[in-house]
Every structure is written in structure tokens, then in C-alpha cells.
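Engineer: below are the sequence and a predicted model for it; my questions follow.
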Amino acid sequence: MKGNLVRDWMTPDPITVTSNVAIPEAYWIMVNNKIRRLPVVDDGILVGIITLEDLRQKFPFTSFAIDVVRASDILSNYPIGKIMSQNPRTTTPDTTLAEAAKLMIERGISTLPVMESGKLVGIITESIIFRAFVELTQRTEMSERKS
């Protein structure tokens, strides 16, 4: 049964990219894998994070609609390392969900890479925490009804 620690709910071994990946490639990795965030790892070290929202804010695709060919050329030569959020806040597997949620609220972020012994071991998002809250609350309510 899942508890209230990050390790109980995190997505283990998340898909990652390197900082030299081009913007269109990062975008299609997210779309094809139905994810909205990509940790950026260079030589085994977490150096940043990129989100679909980052791409939408920094490169509104509607501005390129007039000249799609030119836009594709520009973006294909533009690495995500230039637009990623650098040195992202992280958490550990043994952090409680409440602590992780509090950190996300305080920092205005939606994702925390999960680090253990200097290695990226997972990722926890606000939607995962929300899902955990619902499941843990329902479990508590059912337990109270049985008592």
C-alpha cells in the first residue's frame, strides 16, 4: 500500500534529455510520451528542467505560422539548454508529500526532480501529489467508516 512519501508516488526513472537537444526534438519527446516535463541531464548530472509550458511561453508557435520552413530551421538549431530552467529545486524519495507540495507552492513550480545520492531517480508533479491526496483521503475515510 502506498504511503505518504515521495518514493511511494514518484514516477521512477523519468525520460530525460541532454541540454543540446533541439527544441523540436524535446517537444516531440514530450508529445509522443504524453508528458509535460523533461529533466535535463548532462553527463549524469541534473542541470535543468524543460516543460511544455516553457516552450509555449518562450516560443509561441503562432508567431512562426507565417514562415513555417524558416521557423523549423531556427528551432532545429536552438538547444533547450538555452531556455531550460537551470538548477531546478529537487527533493528526495524520503520527503513527505506534504513537504514536497509545500515546496512547490512556495516556489511556484509544478515539478520536483527526485534525487538520491546525487542521481536522478524519479520525478514528482503536482498532479501526482493531487492524485495521492485523493487516494490517501479516501483510504482514511474508508478506514474511519469501518471503525
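Structural biologist: In hand now; what should we look at? What you are looking at is a predicted structure, and each value in this text was computed from that prediction instead of being measured.

Engineer: for residue 44, which non-adjacent residue is closest in space?
Structural biologist: Spatial nearest neighbour of residue 44, excluding adjacent residues (Cβ to Cβ, 6 or more residues apart in numbering): residue 119 at 7.1 Å. (C-beta placed from N, C-alpha, C; glycine too.)

Engineer: with residue 84 instead?
Structural biologist: Nearest one to residue 84, counting by Cβ to Cβ, 6+ apart, is residue 48 at 3.6 Å.

Engineer: next, that neighbour: phi, psi?
Structural biologist: Phi and psi for residue 48, reported as degrees, to the nearest 10, are phi -180, psi -170.

Engineer: my read: it touches residue 83, true?
Structural biologist: No. The pair residue 48 / residue 83 is not scored as a contact, 9.2 Å apart, by Cβ atoms under 8 Å.

Engineer: ok, those two, which is more surrounded?
Structural biologist: Each of residue 48 and residue 83 had its neighbours counted (other Cβ atoms under 10 Å), and the higher figure belongs to residue 48 (21 against 17).

Engineer: look at the more buried one and report its pLDDT.
Structural biologist: Residue 48 carries a pLDDT value of 97.

Engineer: swap in residue 53?
Structural biologist: pLDDT for residue 53: 86.
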